[in-house]
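J.: the following comprises the amino acid sequence and a computationally predicted model.
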Amino acid sequence: MTETWGNRPFRVGVIGAGSVAALHLDAAADLPEVEVAAVCDVRLSAAEQLAARFGARAYADHTAMFAAGGLDGVLITAPHSLHAPITVDAAAAGLHVLVEKPMATTLEDGQRMIDACATHGVQLAVGHVLHFLPSVREAWRILRSGSLGRPVVITERRTARYERGSRPDWFFDPVLAGGGILMNVGTHSIDKAQWLGGAAATSVHGYVWNQPGVEVETESVGLLELANGVRVVLSVTGTGLPFHDETEVVCEHGALRLSRRDGLWTYRGDEAVQVVTPEQDDIVAAFREQLADFVASCRDGRAPAVDAAYGQSVVATALALYASAERADSARIPGLNAEVAA
Ligand SMILES: NC(=O)c1ccc[n+]([C@@H]2O[C@H](COP(=O)([O-])OP(=O)(O)OC[C@H]3O[C@@H](n4cnc5c(N)ncnc54)[C@H](O)[C@@H]3O)[C@@H](O)[C@H]2O)c1
């Protein structure tokens, strides 16, 4: 059965016709309850090219797109620090919002987004798509079932090439991107650790470093304490290493390993079980389910699976890691250690 928005599909517009927009819109094309109605990009040719695939209208300015009407909601896939002003404009135009991660680059911007959407009675969902990826979702289900006992320690390690030229230039602009690999890729890792760990971080210790000549950090590490006492070791680095995306969760009675290369494994004593194979991890399906959840939340007036308060918590954790790195507030070990050869 085709679900409809009233008597017709939910009409979405996308703002930012770059690489992730194509994933969102391919997902939309698979959902009969969604119609791609408009695409906007400051590079009009990019908007036109993507719009043509869906028979949608193209715009170079989101305010013109909103003024033209004919939309129920928007997907915001523009550079990070533009998420807030575009969300505020969308809310004022009465449009529901699914905004890409990171939700914002400052907590003040995030709050402005939350306030604007509340004032105008529209939904604000955040695109932490890992909540819809089969292996991550299954890991979450196993951890919440309690079969391994409570999580104790999480090790989250991810690499992504982060030299200039590896991605569009704005990712290296501290104002537009709000940071480097930690704000961009690391917010996926923070999300994964917080969601699987069962709570948001309440204290962190961070360190960041950037390759000479790059204005944003290219390497980051952190130690996080979640509100429920779970400790997280986080490493998100951008130089040299081949691709790696792996999470280990040590629990009271066993452990779980989530790997983009090897799938999802659980361990109890000598027993190792592969629960999800890498082939079962379907990112296209994850984007489709994320969009279906967003549209259903707008239609039913219920919270989306990943709401704005949670999106803010991920940004807050990233910003706290930067603040800790800036203060360099390591606990010093007095005495002998400075002299020991290792
Ligand atoms: N969920 C995921 O797995 C995932 C993957 C990639 C990117 N992202 C996120 O998606 C967002 C976009 O990333 P991307 O990789 O697609 O970047 P991109 O550079 O490929 O696309 C961004 C687009 O926004 C356009 N743009 C810039 N200013 C604009 C404005 N004022 N109005 C309209 N368009 C404007 C740019 O011209 C560009 O085409 C970021 O928040 C990023 O972190 C998420």
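T.: Thanks, I have the structure now. For clarity, every value in this text was computed on a predicted model and none was experimentally measured.
J.: the strand or helix carrying residue 299 - contacts with which helices or strands?
T.: Secondary structure from DSSP states H and E places residue 299 in helix 283-300. When contacts are defined as 3 or more CB pairs under 8 Å, 6 or more residues apart in numbering; DSSP states H and E, helix 283-300 packs onto strand 10-15, helix 19-29, strand 73-76, strand 96-100, strand 124-127. (C-beta placed from N, C-alpha, C; glycine too.)
J.: how about a cut-off of 6 Å?
T.: Contacts defined by 3 or more CB pairs under 6 Å, 6 or more residues apart in numbering; DSSP states H and E place helix 283-300 against helix 19-29.
J.: the following helix or strand past the helix it packs on versus helix 283-300: what angle between them?
T.: Using DSSP H and E, the helix or strand that follows helix 19-29 in sequence is strand 34-40. Calculated by axes from the mean of the first three to the mean of the last three CA atoms, to 10 degrees, strand 34-40 forms an angle of 100 degrees with helix 283-300.
J.: show me what residue 235 is bridged to.
T.: residue 157, residue 221 (DSSP bridges).
J.: quick revisit: so how far is the helix holding residue 299 from its chain's centroid?
T.: Chain-centre distance of helix 283-300: 15 Å, with CA atoms, centre = their mean, to the nearest Å.
J.: over to stretch 315-322?
T.: Remark: stretch 315-322 is offset 14 Å from the chain centroid, using CA atoms, centre = their mean.
J.: now swap in stretch 166-180 and tell me
T.: 16 Å.
J.: looks to me like residue 249 is in a strand.
T.: Yes: looking at residue 249 with DSSP: H, G, I helix; E, B strand; the rest coil, it is inside a strand.
J.: and for it, the neighbour number?
T.: As a burial measure, residue 249 scores 25 neighbours (other CB atoms under 10 Å).
J.: residues in contact with it?
T.: By CB atoms under 6 Å, 6 or more residues apart in numbering, the residues touching residue 249 are 151, 154, 196, 256.
J.: which residue does the stretch 1-150 of the chain bring closest to the ligand?
T.: residue 18 (1.8 Å; CB to the nearest ligand atom).
J.: quick check: closest non-adjacent residue to that residue.
T.: Closest residue to residue 18 apart from its sequence neighbours, by CB to CB, 6 or more residues apart in numbering: residue 77 at 6.4 Å.
J.: mind checking pLDDT for the one you found?
T.: Residue 77 carries a pLDDT value of 98.
J.: so it sits against residue 21, correct?
T.: Yes: using CB atoms under 6 Å, residue 77 is in contact with residue 21, at 4.4 Å.
J.: my guess is residue 223 is in a strand, correct?
T.: Yes: under three-state DSSP, residue 223 sits within a strand.
J.: what's stretch 127-136 in contact with?
T.: Applying CB under 6 Å, 6+ apart, the contact partners of stretch 127-136 are 100-101, 191-192, 258, 264, 276, 280-281, 286, 289-290, 305-306.
J.: close to the ligand, is it?
T.: Yes: counting by CB under 6 Å from any ligand atom, the ligand has neighbours in stretch 127-136: 127, 129.
J.: quick one: mean pLDDT for that stretch?
T.: Mean pLDDT, taken over the full extent of stretch 127-136, equals 97.
J.: what about the residue in the stretch 101-250 of the chain positioned nearest to the ligand, neighbour count?
T.: Using CB to the nearest ligand atom, the closest approach of the stretch 101-250 of the chain to the ligand is made by residue 168 at 3.7 Å. Residues lying near residue 168 (other CB under 10 Å) number 13.
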